[in-house]
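> coords please:
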Amino acid sequence: MAGAAWLAAAGLHAILQFFSPGESQPVWTRLFVLGLELVALAVVIAAVSVPFLLLASGLERRPAVWRILRIVLVALLLLALWASWGMFWLSGRFLDPEGVRFVLRNFSDLYGIVLRSSPALALGAPFGLVIAAILVGEAIPPWAAKLPERIPRFVEHCALGLLGLSFGLAVGGLASSAHRQANAGPLTHLIAWTTGNVSGDLFDATSSPELRRIYMDQAGRFVRKPRKDWLDEGPPDAGAVFERRPLVSMEQYLSTVDRAALRRWNVIVVLLDSFRADQLRATGGAREVMPGLEALAREGRSYPDCYTVASHTDYAAPSVFSSHYPLRARFVHRYPAPPRYPRVMVYDVLKALGWRTAFFSSQNEDWGGMLNYYQTGGLETVFHPKMAGFPEPLLKLREPYTGSLDDAATITEAMKWTEAVPAAPFFLYLNLQNCHLPFRIPADFPRRFGPPEIPFTITAGMFPREKVDVVKEIYADSLAYVDVQLARLFNRLKERGAWDRTIVVVTGDHGESFYEHGSPAHANGIYEEEMRVPLVLRAPGLEPLRDPRPAQLIDVAPGLLHLLGLPIHPSFQGLDLVGPPPPADRIRALVSQTGWKTFLGAVGSGFKLIRNGETGGAVLYDLARDPGETRDASADHPEAARKLRAWLKTWRWGQVEYYETPDRWGREYPPVITSP
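Here you go, the predicted structure:
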């Protein structure tokens, strides 16, 4: 029976591996990694068979109980297999303990994605698993027992022969580099996870040995979990200084406002999901993808040296309005309802001064608990696809894979809101999503870059690597579509005569990877392609300029208050975006903290240090000489590495110590480093 079970599972794995929607690999590479998975599968089946036999022997006198238990156990094993392969087809990564925690925290959202993408899979799989479990655990054993003896013997011989072949393929895969080029399966991924690999393949996928240091501890050993959190290395050096600003009430803050100098302009902040800096000429792009936004950049200011604060939306987007860095825990932070720690959003200040305030988003703002963070009482209107009473006519416009609303509909609803009370100034936040994977574009929208039809699958976390150039063009077309939708809003404001009293900020919550460092999409690390974002600011009377200052998204809120004639709120950790430029050696913190991995970074003076959040291992990149981030420059620039490492340790310690100490929340805002 064990041999038959292994043959059946081997056949299923082979089908799933060879038809998976990820990057295509040479046949021999796929065979090598399949051999690795099948050898691991044989070991697991052999190990599972022992407790099965013991249970069968112990429950020999209670056959009904054994039948039920056997079906349940088989169903659980099949469920684990289905869930891991399902996650791989969805995101390009098999399940591991960290992935399970992530799924449990976001189960309803993830299941909703699967349900919208494939209702048959989402609804039919549980029933299919139960039927399969009944067949495997109840129907097949009695039937197999009646077969002629030669058939089970033949099956066992086939299983042994295939196992020998798999072992040979596995050895070949380990001897070559095949194990670094493709995911083998759920079991080899678990082996990789338990033996210290962070990247997701059996061994580290980074081709350069020196870059593997980021996955090592101080002794040069690969580790998955630290023996001791590097936060516990102790507090910062004696020279580190934090500015701890005391809490002030809104009344206290407003008492410092010069009402005569107040500019009652409209404010529009637009976040485009997955918006890379190289897609805009104003911030370093090579071609014109978004002509409307390019025109806005010529009319206002662009910031080519701008970083987001995090590689994923739930951390990055809220920071634009609170001007707070998103690191709040040693591991993943999900915003509670309601958060007890203090935050003052830019729209809180404006609402207190008479602005209308609204939030129109194409995405699900419940993701990661973001809406809990946004809800400070300063928003009058909230519109997003998962809100209660979402308009029925808009449901059909939601993207079936991600559940995001088509940006044309979001812009239309936002324009209706802006025109409801023409005399009052307004604050409007727009989050647009057509440029998020899978880069959905309406069929009737003319393509300028990519093909009208896509003959392969683009999922949330992967697409064929050899199709990366085509996917980049599809991505560019999605940005062009978003550009047209923004132009509708801007033109309407001009027609109504409101443009000359409106501030507009357009940026990205984070960038997007196209396998530059082994993975597509985002939330995979803090490399340049995910952390550099365009930033365009247009305001009445603001001199057009290509501003070279080192900027970050937490600078948007202070800059907006400055433009409106308001004092910078003491809560903000960012700097004034339109005030005197900061020092050229300003250091900016970067975060990528997901259910699977944590990376923290510090960028300044042309260098970037990336430190593994679990192991403490670090690499340094010389961005001027190595913009592609391929070579560790620590040995060439030891002082730069020392300075950034010390600053990052200080910053992380200050952030986490503040959020782990609730007593501080009642008397002060998050700290600001004034010296490393």
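> drop to CA atoms for contacts and neighbour counts, all remaining ones
Fine.
> quick check: most distant residue from the centroid of this structure.
Distance from the C-alpha centroid of the chain, by CA atoms, centre = their mean, peaks at Pro148 (55.0 Å).
> and that residue, which of the three is it?
Classification of Pro148 by DSSP: H, G, I helix; E, B strand; the rest coil places it in coil.
> give me the distance between the closest residue to Ser322 other than its chain neighbours and Pro570.
Closest residue to Ser322 apart from its sequence neighbours, by CA to CA, 6 or more residues apart in numbering: Met345 at 4.5 Å. Met345 is 12 Å from Pro570, where distance means CA to CA, to the nearest Å.
> those two: who's more crowded?
Neighbour tally, Met345 and Pro570, criterion other CA atoms under 10 Å: the higher count belongs to Met345, 26 against 17.
> and that one, what's its pLDDT?
On pLDDT, Met345 comes in at 98.
> list the contacts for it?
Phe321, Ser322, Ser323, Tyr374, Thr376, Gly378 (CA atoms under 8 Å, 6 or more residues apart in numbering).
> and the residue positioned nearest the centre of the chain, what pLDDT?
Centroid-nearest residue in the chain, with CA atoms, centre = their mean: Ala523, separated by 3.1 Å. Reported pLDDT at Ala523 in the predicted model: 83.
> list the contacts of it.
Contact analysis of Ala523 by CA under 8 Å, 6+ apart lists Ser311, His312, Glu530, Ser592, Gln593, Thr594.
> biggest separation within the residues you listed, which pair?
Glu530 and Thr594 (14.3 Å; CA to CA).
> out of those two, which sits in the busier spot?
Comparing Glu530 with Thr594 by other CA under 10 Å, the one with more neighbours is Glu530, at 29 against 20.
> correct me, but the more buried one touches Phe514?
No. The criterion here is CA atoms under 8 Å, and Glu530 misses it with Phe514 at 9.6 Å.
> domain ranges for this structure?
Per automatic domain parsing, the structural domains of the chain span 2-205, 265-579.
> who are the packing partners of the helix or strand hosting Glu639?
Element membership for Glu639 (DSSP states H and E) is helix 638-659. Packing partners of helix 638-659 (3 or more CA pairs under 8 Å, 6 or more residues apart in numbering; DSSP states H and E): strand 598-604, strand 607-612, helix 662-665.
> narrow the contacts of Ala523 to those in helices?
Using DSSP state H, Glu530 are the members of the contacts of Ala523 that sit in helices.
> for the contacts of Ala523, which one is nearest Arg496?
Arg496 lies nearest to His312 out of the contacts of Ala523, by CA to CA, at 36.1 Å.
> which non-adjacent residue is nearest that closest one?
Ala523 (5.0 Å).
> in what element of secondary structure is that neighbour found?
Judged by DSSP H and E, Ala523 forms part of no helix or strand.
> let me have the contacts of Met345 in a markdown table, extended by neighbour count and distance to Ala640.
A markdown table is the format used below for the contacts of Met345 (neighbours: other CA atoms under 10 Å; distance: CA to CA, whole Å):
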| residue | neighbour count | distance to Ala640 |
| --- | --- | --- |
| Phe321 | 25 | 31 |
| Ser322 | 28 | 30 |
| Ser323 | 25 | 27 |
| Tyr374 | 23 | 37 |
| Thr376 | 16 | 40 |
| Gly378 | 20 | 42 |
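> sorry, back to before: mind checking how far the residue nearest to the centre of the chain is from Trp596?
Between Ala523 and Trp596 the computed distance is 10 Å (CA to CA).
> cool, and Asp663?
30 Å.
> quick one, phi/psi of the closest residue to Leu537 other than its chain neighbours?
Distances taken as CA to CA, 6+ apart place Val505 nearest to Leu537, at 4.6 Å, with adjacent residues excluded. Per-residue torsions, Val505: phi -120, psi 130 (degrees, to the nearest 10).
> what is the neighbour count of Val505?
The burial count for Val505: 22, using other CA under 10 Å.
> for Ser57, same thing?
Using other CA under 10 Å, Ser57 has 12 other residues around it.
> cool, Ala624 as well?
By other CA under 10 Å, neighbour count at Ala624 equals 11.
> tell me the secondary structure at it.
Following three-state DSSP, the label given to Ala624 is coil.
> report the contact partners of it.
Gly606, Phe607.
> where does it land on pLDDT?
Per-residue pLDDT puts Ala624 at 95.
> now do it against Leu648, distance only.
Going from Ala624 to Leu648 by CA to CA gives 21 Å.
> below-threshold pLDDT in the stretch 551-676 of the chain: ranges please.
675-676 (pLDDT under 70).
> grab the nearest non-local neighbour of Tyr527.
That would be Glu629: by CA to CA, 6+ apart, it lies 7.4 Å from Tyr527.
> swap in Pro339?
Pro339 sits nearest to Tyr373 (CA to CA, 6+ apart), 6.5 Å away.
> which residues make contact with the helix or strand that neighbour falls within from outside it?
With elements taken from DSSP H and E, the one containing Tyr373 is helix 370-374. Helix 370-374 is contacted by residues Asp314, Pro318, Arg334, Tyr335, Pro336, Ala337, Pro338, Pro339, Met345, Glu365, Asp366 when judged by CA under 8 Å, 6+ apart.
> just the pLDDT for the third one.
Meaning Arg334. 87.
> the residue lying closest to it once chain neighbours are set aside: neighbour count?
Distance criterion CA to CA, 6+ apart; nearest residue to Arg334, sequence neighbours excluded, is Gly368 at 5.3 Å. Applying other CA under 10 Å, we find 20 residues neighbouring Gly368.
> what about the strands in the stretch 351-500 of the chain?
356-361, 381-383, 426-432 (DSSP state E, counting those that start in this stretch).
> for Arg264, which of those is the nearest?
Closest to Arg264 of these, according to CA to CA: strand 426-432, at 8.8 Å.
> now the angle from the closest one to strand 356-361?
0 degrees (axes from the mean of the first three to the mean of the last three CA atoms, to 10 degrees).
> who does strand 426-432 pair up with?
Strand pairing for strand 426-432, determined by DSSP bridges: strand 266-272 (parallel), strand 356-361 (parallel).
> give me the low-pLDDT residue ranges for the stretch 251-400 of the chain?
400.
> hey, where'd the helices end up in it?
291-299, 313-322, 346-352, 370-374, 392-395 (DSSP state H, counting those that start in this stretch).
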